[in-house]
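Peer 1: structure for the following, please:
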Amino acid sequence: MAEVPSYYAIIPADVRYDQNLPGKAILLYGEITALCNQKGYCWASNDYFAKLYGVNSKSIQRWIKNLEDQGYISREVFYKKGTKEIERRNIRLNTTPHLKNKVTPHLKNEADNTTSINKNHSEAEPKEDSIHYKKIINFLNEKAGRDFKDVEGNRKLIRARIHDGYSEHDFALVIDFKCKQWLNDEKMEKYLRPGTLFGSSKKFDQYLDEAKQNRKQQAPTTEPQGLSVGEGSARAANYLAKLEKQYEGD
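Peer 2: As a prediction, the model looks like this:
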């Protein structure tokens, strides 16, 4: 017999009337809130929800992806030590759409190995994801005069480059340089978007190298005469620090 949560469910208006969500995804959101009310996150597996609603796990997987794509939830996937096998999956509610607080690598064909709710789960909560997705996206919006959203599609690109070994600082350099280079160019201005700037490791590396080379070339002409090497380095450090502050906050 399927376990039925005894906690109340909440489905806010923006979820209830979101025309991009199928009806069952909206109901599933309510089910997730019921479990989140108990521990602050939903630890149930796709199999649990499938039995609860009398559907297959692929349907649940699709509804969860619908909710995630719209920014209403975020997933944390935990793998068995030293393997790529999924041990468990937690779901958290986002306070507002497109403002996800936690994210882990997204698997299109995720297959949860946890088959039931673990009511005695006592493992320590994982640390907050340290990637400042929203700050990076807002920095691009500020520099390019755009309105890109903090959605999973953009986060996925940022996360991929971070996993390649690039830093958030590198994003600031690329954004700042490319906006100065392309913003007033009618043919290139349209490419000031996450898909172009962050979409390819090869291209991102090229843009970053261009940004760094440009800084080296510009430094002698932008620094006042008589500035020592140490003072010039300090100016460069201050410049980079300013970029970081614009998207990393206090």
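
Peer 1: please name the spatially closest residue to the most centrally placed residue in the chain (chain neighbours excluded).
Peer 2: By C-alpha atoms, centre = their mean, the chain has its centre lying nearest to Arg155, at 3.5 Å. Of all residues not flanking Arg155 in the chain, Tyr133 sits nearest, at 4.8 Å (C-beta to C-beta, 6 or more residues apart in numbering). All C-beta atoms are positioned from the backbone trio N, CA, C, and that covers glycine.

Peer 1: cool, and Lys24?
Peer 2: Trp63 (5.8 Å).

Peer 1: ok, Ile10 next?
Peer 2: In this structure, Ile10 finds its nearest non-sequential neighbour in Thr33, 4.5 Å apart by C-beta to C-beta, 6+ apart.

Peer 1: map the structural domains onto the sequence of this structure.
Peer 2: The chain breaks down by automatic domain parsing into domains covering 1-129, 133-248.

Peer 1: still on that earlier bit, just to check, the residue nearest to Arg155 is in contact with Asp150?
Peer 2: Yes: counting by C-beta atoms under 8 Å, Tyr133 touches Asp150, with 5.8 Å between them.

Peer 1: hang on, isn't Ala9 packed against Cys36?
Peer 2: No: assessed by C-beta under 8 Å, Ala9 is found out of contact with Cys36, at 9.6 Å.

Peer 1: these two: who's more crowded?
Peer 2: More crowded of Ala9 and Cys36, by other C-beta atoms under 10 Å: Cys36, with 20 against 15.

Peer 1: can you pull the contacts of that one?
Peer 2: Contact analysis of Cys36 by C-beta atoms under 8 Å, 6 or more residues apart in numbering lists Cys42, Ile91, Arg92, Leu93.

Peer 1: so how far is the helix or strand harbouring it from its chain's centroid?
Peer 2: Assigned by DSSP states H and E, Cys36 belongs to helix 23-39. Relative to its parent chain, helix 23-39 has a centroid offset of 22 Å by C-alpha atoms, centre = their mean, to the nearest Å.

Peer 1: cool, and stretch 195-211?
Peer 2: 18 Å.

Peer 1: give the buried residues for that stretch.
Peer 2: Thr196, Leu197, Phe198, Phe204, Asp205, Tyr207, Leu208, Ala211 (16 or more other C-beta atoms under 10 Å).

Peer 1: can you get me a residue count around Gln61?
Peer 2: By other C-beta under 10 Å, the residues close to Gln61 number 19.

Peer 1: doesn't Asn46 make contact with it?
Peer 2: Yes: assessed by C-beta under 8 Å, Gln61 is found in contact with Asn46 at 5.6 Å.

Peer 1: any stretches of the protein with poor pLDDT?
Peer 2: Within the chain, the stretches with pLDDT under 70 are 1-8, 95-129, 219-250.

Peer 1: contacts for the lengthiest helix in the chain, please.
Peer 2: Longest helix of the chain, by residue count under DSSP state H: helix 201-222. Applying C-beta under 8 Å, 6+ apart, the contact partners of helix 201-222 are 160-161, 164, 166, 170, 173-174, 176-178, 196-198, 232, 236.
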